[in-house]
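# next comes the sequence, and after it the predicted model I'd like to discuss.
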Amino acid sequence: MIRCAYCGAPLPISRKLAAQALQVMDEEGLQHFDLPCPRCRKINKLPRQALLRYAPRGQQSDTTKPQT
Ligand SMILES: [Zn+2]
């Protein structure tokens, strides 16, 4: 469970949300995904690694080199 860095509330990250976030990050070359906290509404910057745990893509590598 990922918690808000400001107020400690749990952030509702679904597998679907994580997958979408990773897709956006891939397309825009981002290293973090901005997710607003549902309680305090501050923006939490989630690193790729955190999202990968929620949206396993078969193989996890940091090379970001698409095969196939
Ligand atoms: Zn918060």
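Cool, the structure landed.
# so residue 33 sits in a strand?
Yes: the assignment for residue 33 is a strand, going by DSSP: H, G, I helix; E, B strand; the rest coil.
# please name the nearest non-neighbouring residue to the residue nearest in space to the middle of the chain.
By C-alpha atoms, centre = their mean, the chain has its centre lying nearest to residue 51, at 3.3 Å. In this structure, residue 51 finds its nearest non-sequential neighbour in residue 18, 4.5 Å apart by C-beta to C-beta, 6 or more residues apart in numbering. Placement of C-beta: from N, CA and C, glycine included.
# centre of the chain to the helix or strand where the one you found lies, how far?
Here residue 18, judged by DSSP states H and E, is contained in helix 15-28. Relative to its chain's centre, helix 15-28 lies at 7 Å (C-alpha atoms, centre = their mean, to the nearest Å).
# right, and the residue nearest to the centre of the chain touches residue 13 too?
Yes: contact criterion C-beta atoms under 8 Å: residue 51 and residue 13 qualify, at 7.5 Å.
# quick one: distance of the helix or strand containing the residue nearest to the centre of the chain to the chain centre.
Per DSSP H and E, residue 51 falls inside helix 48-54. Relative to its chain's centre, helix 48-54 lies at 5 Å (C-alpha atoms, centre = their mean).
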